[in-house]
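Engineer: below is the sequence, then the predicted model.
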Amino acid sequence: MTSADIPFDHPAPHSLSQVRAPRRGGMAWRHFGDTRAFLTSPQLLLLQVAHPVVGAGVADHSDFRAEPWQRLLRTVGSLGTVIYGGQAAATAEARRLIEVHRGMKGTDAAGRRYHALHPEAYHWVHATLVRGPVDALRLFGRGLTADETEEYYREMRDVGRVWGLKDHHLPPDWASFCAYYDAVVAERLECNRSVRDVLDELAHPQKPPVRWLPAFLWRPFAALASHYALLVTVGVLPPVLRDRLGLRWTDRQQRRLRRFARVVRCLTALVPPPLRIAPAMFLAYWHTHRPGTDPHTRRPLGATV
């Protein structure tokens, strides 16, 4: 790997600010932070760390195993900021992410050199976040129409550019994106230490670091949450990757997933669409307005300046 392979070593001045963040009320705004998409988030993490570069970076540089809940909140807050925080906050968060990942490099267990800002790995993380809500809405809702999916992808493609990806890294339309996505799953993803760590955490979730939740109350809830998290995570994985990771999937599990999806579909149908993204918007607001953040990036959610 050479320095030419790293897309963000020398970003052009103000290049990120020239790319527009998602507009208020657009397809990305309306669907990315949908609570139903949160149900598939463990699968997205598994897909991400199955990429050899991402997996090595997480294994060597992440505090995921020690602080999974804190890590989850930081990640969701960061994503929400780019989607819902407005132009100034999205641009500032993208620059922060580039700086955070700039020093994450090394050699993996197979002797391969890696860098967290390698465009292939950075694009793959973005791709999983693009695909996740589409799959979740298809499983737990009516799904997006073809035209809605294209519009959603155009807006999420701009999110990739906000993050610093170049145009030539991003497929031009949904069909070419799906072809790229399927090729990465078939040819690049692997079982590694980070994959095993994610599966282990799903099977034995740590108690959140809050004093008011005693362990004896957490244990039964954790068992139930683990059951359904693994059911959804394994069930929505591409079958070729599921087999490669050695994850068992039976017709009985498929029936259970369908029943669970029907329950979620019925319950969320009662929730007005704006409330389905309310948790994501709250986390974005907290992420941009908490003490220590730059007051110059604080804007009403969705502000265009």
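Structural biologist: Yep, it's here. As the structure is a computational prediction, the values presented were derived from the model and not from experiment.

Engineer: how far out from the middle of the chain is stretch 83-103?
Structural biologist: The offset between the C-alpha centroid of stretch 83-103 and the centroid of the whole chain comes to 15 Å, using Cα atoms, centre = their mean, to the nearest Å.

Engineer: mean confidence score for that stretch?
Structural biologist: With pLDDT averaged residue by residue, stretch 83-103 scores 89.

Engineer: please shift the residue numbers so they start at 851 in all later answers.
Structural biologist: Shifting the count to begin at 851 puts that one at stretch 933-953.

Engineer: list the buried ones in it?
Structural biologist: Applying a neighbour-count criterion of 16 or more other Cβ atoms under 10 Å, one finds 933-945, 947-948, 951 buried in stretch 933-953. All C-beta spots, glycine's among them, are computed from the backbone N, C-alpha and C.

Engineer: what of stretch 1015-1031?
Structural biologist: Within stretch 1015-1031, the residues that qualify as buried are 1015, 1019-1021, 1024, 1027-1028, 1030-1031, counting by 16+ other Cβ under 10 Å.

Engineer: start to end distance for that stretch?
Structural biologist: End-to-end distance of stretch 1015-1031: 16 Å, with Cα to Cα, to the nearest Å as the criterion.

Engineer: what's it in contact with?
Structural biologist: Outside stretch 1015-1031, the residues that touch it by Cβ atoms under 8 Å, 6 or more residues apart in numbering are 857, 969, 972-973, 976-977, 980-981, 999-1000, 1003, 1007, 1010-1011.

Engineer: tell me which two in these are the farthest apart.
Structural biologist: Taking Cβ to Cβ as the measure, the contacts of stretch 1015-1031 reach their widest spread between 857 and 999, a distance of 26.5 Å.

Engineer: which residue packs closest to residue 962, ignoring adjacent ones?
Structural biologist: Of all residues not flanking residue 962 in the chain, residue 902 sits nearest, at 6.6 Å (Cβ to Cβ, 6 or more residues apart in numbering).

Engineer: I'd say the one you found and residue 1040 touch.
Structural biologist: Yes - with contact defined as Cβ atoms under 8 Å, residue 902 counts as touching residue 1040 (5.9 Å).

Engineer: how near is residue 1062 to residue 1068?
Structural biologist: Distance of residue 1062 to residue 1068, computed by Cβ to Cβ, to the nearest Å: 11 Å.

Engineer: tell me which of these two has more neighbours.
Structural biologist: Neighbour totals were compared for residue 1062 and residue 1068, and residue 1068 leads with 16 against 6 (other Cβ atoms under 10 Å).

Engineer: and that one, what does it touch?
Structural biologist: So, once contact is read as Cβ under 8 Å, 6+ apart, residue 1068 ends up touching 1057-1058.

Engineer: can you rerun that using 6 Å?
Structural biologist: The neighbours of residue 1068, taking Cβ atoms under 6 Å, 6 or more residues apart in numbering as the test, are residue 1057.

Engineer: buried ones in the helix or strand harbouring it, by neighbour count?
Structural biologist: Secondary structure here is read from DSSP states H and E; on that basis residue 1068 sits in helix 1065-1086. Neighbour-count burial for helix 1065-1086 flags 1068, 1072, 1079-1086 (criterion: 16+ other Cβ under 10 Å).
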